[in-house]
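>>> Let's see this in three dimensions:
(chains A and B)
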Amino acid sequence: MITLKNFHFGYSKKKAVFDGLNLEFKSGFIYGLLGKNGTGKSTLFKNICGLQKPSQGSVTSLGFNPFERNPEMLRDVFLLPEEFHVPAIRIEEWAKTMAPFYPRFDHRLFAELLGEFEIPTDNRMSEMSLGQKKKCLISFSLATNTRILLLDEPTNGLDILSKTQFKQIIRKLNVKGDRCIIISTHQVKDIEDLVSRITVIDSGKILFDENTTTISAKLSFSSGSSVPESAIYAEPSARGFDYILPQNSSGNHQPDMELLYKLIMTNPAAAHSIFTQN
Amino acid sequence: MKAIFDFKRFILLLKNRIAENKKKYLLFLLLILVMSVVCISLFFLFSQRFVQYSYTRDALGSELVSELNHHWESFQESCFWIGLVIGGGLFAATSFVNFSNPGERIFYLNKPASSFEKWLVEFSIHIVLYSLSFFFIFYLFAFSLTFIINLINESELSRLINGKDLIEYSELEIRFNPKIIYHETFNPFENSVEKGGVIGSLVMFNWVYLFHGFIMFGVVLFDRFSTVKMALISFAIFLFFITIHPVLHEIIIPQNWNYRTLHEDAERLSSVGEDEIRATVNLGKEYQFRAIEILSFLALVWMHSCTFVTLKNKKG
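The predicted model follows:
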């Protein structure tokens, strides 16, 4: 669905953001794209949807060269950027002129999501609060039903309740075989339980890329008053210690994203060795 | 081909852009209307003095009316070109989107339409629709005011004639040449032969739309302060052309057709008849006009092509 081969990119010739990255995003998954601020998550999104052009190597989205911005590709790719702009018109009016661009747009789902987020539809979009604008755009982006949906830091600017609503909505989404959703964030807790695959990038390289089912099979996440010897990562917490144990251990197999992320960032070699073992 | 242009998609984008920016477009229309009312009010405040002045004169009365006619017609002409050039230029500066705003830029570039359709929509709104709206407002005022002025003028003149305020010859002049009291609505295509006739008018429009295309190009090329940057570039181009004008003149116009040279030749070649020299000089001028016409048209096409290509390669 999305293929990056020997992907090089930099905003200036001196500083490369990506230096020979090879990565594939497959259909049927909700990806969690994790990484620190400034590691290139938004840049990767821009290259996938054709807003930037690789300096070397290639990017292919739905079989197209994204930078050609072919309308056939654009109608099946939607990027919700971190910084966004809304026009000074009512939501319904905006959706009426925007929805026809997306052949699979689901008006019923859009109305449902606006209802769930409690967005007043008769207000001008520009007069809404930042959170309301974001929720409105999240609803629109999900209703487009594009085959590629890129959500860049979607939970930024949302209050705690809205973050929960967002999680519930994504959980309810039935991501079919031909769709791929990539959610980028540096707030890993926000996408816990949502994603089916985790990709961690740092300094333009892939540090980790695994399915959540594989993670659950290989690791267990637990807490206690002391750290077991077999723990591959541990940190103090209110309960004493939170730690990660290798497979076949007792504990919660549902990945604790934050803990996993910390393991990957602090000890990528250990994480890598566990996942390369048979 | 569908990847470049699809009529359905073009209409969708046109509707979307109008819906998203209708407030801005309506404000611009309102601005044109307000400016028209202000300019017309100022003109009548100024021309009122002429009418009063004509009452105090007798023998010169007809000449003053004639002068007033001339003022109204040149006022219309000035308003037409200033409104089209400056108003259209300001409107062209609001074309596309605010590319300095990352969110606006990303949403615009990612809209499922081709770069050609995006350019064509902006061209249709900011050049074609602006021109049509401007012509409509201009002629709404021009026709109605010319009609009212003619009515007032006619009654004022008949009052002057009946009151014997005008001496005999002026009265006769007005009766036998009624055109001097009638105003005409400005017609940009009714150009004098010296100004190139209809072709001259088309060339004038060509220059106007070249200027608008230049501004639209700036909007796509520069993310910030595009109008200021394009104004500076225009000034630099102006200086450049002034400097290279003699060189360019020699390149475009062959030596034999050079107007100045022909004048010098005419002085030297006194044996050649005056009519023959004038005919040769006129032919040289004609040649020069044609070259400028072709160049201006090519420049118009090139400028809009540059906008399209820059938009196509624009990064988000």
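>>> So which bits of chain A are right by chain B?
Applying C-beta under 8 Å from any C-beta of the partner chain, one finds that chain A approaches chain B through A:46, A:49-53, A:69-72, A:74-75, A:77-79, A:81, A:83-85, A:87-89, A:93-94, A:96-98, A:100-102. (Each C-beta comes from the backbone N, C-alpha and C, glycine too.)
>>> Sort out for me which of those residues are in helices.
Mapping the residues of chain A next to chain B onto helices (DSSP state H) picks out A:46, A:71, A:72, A:74, A:93, A:94, A:96, A:97, A:98.
>>> Just put those in a markdown table and tack on neighbour count, distance to residue B:186 and pLDDT.
Shown next, in a markdown table, are those (neighbours: other C-beta atoms under 10 Å in any protein chain shown; distance: C-beta to C-beta, whole Å; pLDDT from 0 to 100):
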| residue | neighbour count | distance to residue B:186 | pLDDT |
| --- | --- | --- | --- |
| A:46 | 24 | 51 | 97 |
| A:71 | 22 | 43 | 97 |
| A:72 | 15 | 49 | 96 |
| A:74 | 25 | 46 | 98 |
| A:93 | 16 | 39 | 94 |
| A:94 | 20 | 41 | 95 |
| A:96 | 15 | 41 | 95 |
| A:97 | 19 | 38 | 96 |
| A:98 | 20 | 42 | 97 |
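>>> okay, those in JSON lines with distance to residue B:206 next?
Shown next, in JSON lines, are those (distance: C-beta to C-beta, whole Å):
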{"residue": "A:46", "distance to residue B:206": "39"}
{"residue": "A:71", "distance to residue B:206": "32"}
{"residue": "A:72", "distance to residue B:206": "36"}
{"residue": "A:74", "distance to residue B:206": "34"}
{"residue": "A:93", "distance to residue B:206": "38"}
{"residue": "A:94", "distance to residue B:206": "37"}
{"residue": "A:96", "distance to residue B:206": "38"}
{"residue": "A:97", "distance to residue B:206": "34"}
{"residue": "A:98", "distance to residue B:206": "36"}
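>>> if I pick the residue positioned nearest the centre of chain B, what's in contact with it?
Geometric centre of chain B, nearest residue: residue B:81, 3.6 Å, by C-alpha atoms, centre = their mean. By C-beta atoms under 8 Å, 6 or more residues apart in numbering or on different chains, the contact list for residue B:81 reads B:204, B:208.
>>> same question, residue A:121
Here residue A:121 is in contact with A:90, A:91, A:92, A:114 (C-beta under 8 Å, 6+ apart).
>>> Please list the members of these that lie in strands.
Among the contacts of residue A:121, DSSP state E puts none in strands.
>>> buried ones in stretch A:150-162?
A:150, A:151, A:152, A:153, A:154, A:155, A:156, A:157, A:158, A:162 (16 or more other C-beta atoms under 10 Å in any protein chain shown).
>>> quick one: which of these sit in strands?
The strands, defined by DSSP E, take in A:150, A:151, A:152 from the buried residues of stretch A:150-162.
>>> where exactly do the helices run in chain B?
B:7-56, B:61-82, B:88-92, B:102-109, B:115-123, B:130-162, B:168-176, B:197-221, B:226-252, B:259-268, B:274-312.
>>> From what I see, residue A:158 and residue A:135 are in contact.
Yes: using C-beta atoms under 8 Å, residue A:158 is in contact with residue A:135, at 7.1 Å.
>>> Need the overlap of contacts for the two.
In terms of C-beta under 8 Å, 6+ apart, residue A:158 and residue A:135 are both contacted by the residues residue A:166.
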